[in-house]
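Asker: No sequence on hand, only this structure:
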């Protein structure tokens, strides 16, 4: 199996209904049981199909996991990209716009709830997941979002709204530090959507992070 040519995404509109049912069941079972403990038997029972049907559609457990992992990563990546474009494409007030993006981004991940359970599974079992599967998920999810935010920050620097004063500073580093200051704490606090957090607490923590970010790059 090669990450560059994976099984079609779990939510593809062209996917047969039975295949979609298997993908949904797999996402549920992998999110609940984890990659190592999840069995094809359990996924078949959840989907109401036979094990043979799963093998016919996906080949094996690894390819099935890759398919649903890429689908869930892709969905969140698209949502975050849309939020970045909405808040950062045309800046009115840099601090307010960065804060609004960061709050909406955090809420999008938290609101994913059970749907993002697969992401929690991947983080918890990274050492047990095949390296090519892990690399493909990273590229479709966290790294894709990082590249998108980096592009926005590079454009904002070109407009004079952000600045990179030191030789080692660039838009990529700024995007990394923005995520650390405005998203990572909320993600850890909620265990990536598993535990709720009041909106006021989420927003206030992110606002502090944005102000710290702007002291570095504003």
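Answerer: Yep, it's here. These numbers come from a predicted model, not from an experiment.
Asker: Only C-alpha atoms from now on, for both contacts and neighbour counts.
Answerer: OK.
Asker: what about the helices in this structure?
Answerer: Using DSSP state H, the helices of the chain run over 17-33, 40-47, 51-58, 61-88, 94-111, 117-124, 131-140, 142-158, 171-179, 185-189, 199-217.
Asker: was I right about residue 72 contacting residue 116?
Answerer: Yes. Between residue 72 and residue 116 there is a contact under CA atoms under 8 Å: 7.1 Å.
Asker: what's the burial count for residue 170?
Answerer: Residue crowding around residue 170 was assessed by other CA atoms under 10 Å; the count is 17.
Asker: so what's it up against?
Answerer: 154, 164 (CA atoms under 8 Å, 6 or more residues apart in numbering).
Asker: per-residue confidence at it?
Answerer: With respect to pLDDT, residue 170 has a value of 94.
Asker: got the phi/psi numbers for it?
Answerer: Dihedral pair for residue 170: phi -160, psi 180, per degrees, to the nearest 10.
Asker: again with residue 196
Answerer: Dihedral angles (degrees, to the nearest 10) for residue 196: phi -70, psi 160.
Asker: residues touching it, list them.
Answerer: Going by CA under 8 Å, 6+ apart, residue 196 touches 110, 190.
Asker: Can you check the pLDDT for it?
Answerer: As predicted, residue 196 sits at a pLDDT of 84.
Asker: From residue 186, how far out is it?
Answerer: Applying CA to CA, to the nearest Å, the value for residue 196 to residue 186 is 10 Å.
Asker: if I pick residue 183, what's in contact with it?
Answerer: Neighbouring residues of residue 183 by CA under 8 Å, 6+ apart: 102, 105, 106, 206.
Asker: Now do the contacts for the first one.
Answerer: Which is residue 102. Residue 102 makes contact with 182, 183, 206 under the criterion CA under 8 Å, 6+ apart.
Asker: So which of these is the closest to residue 43?
Answerer: Distances from residue 43 to the contacts of residue 102, taken as CA to CA, are shortest for residue 183 (32.4 Å).
Asker: Tell me where the model's unsure across the chain.
Answerer: Across the chain, residues meeting the criterion (pLDDT under 70) sit at 1-15, 113-115.
Asker: What is the end-to-end distance of stretch 135-145?
Answerer: From the first residue to the last, stretch 135-145 extends over 14 Å; the measure is CA to CA.
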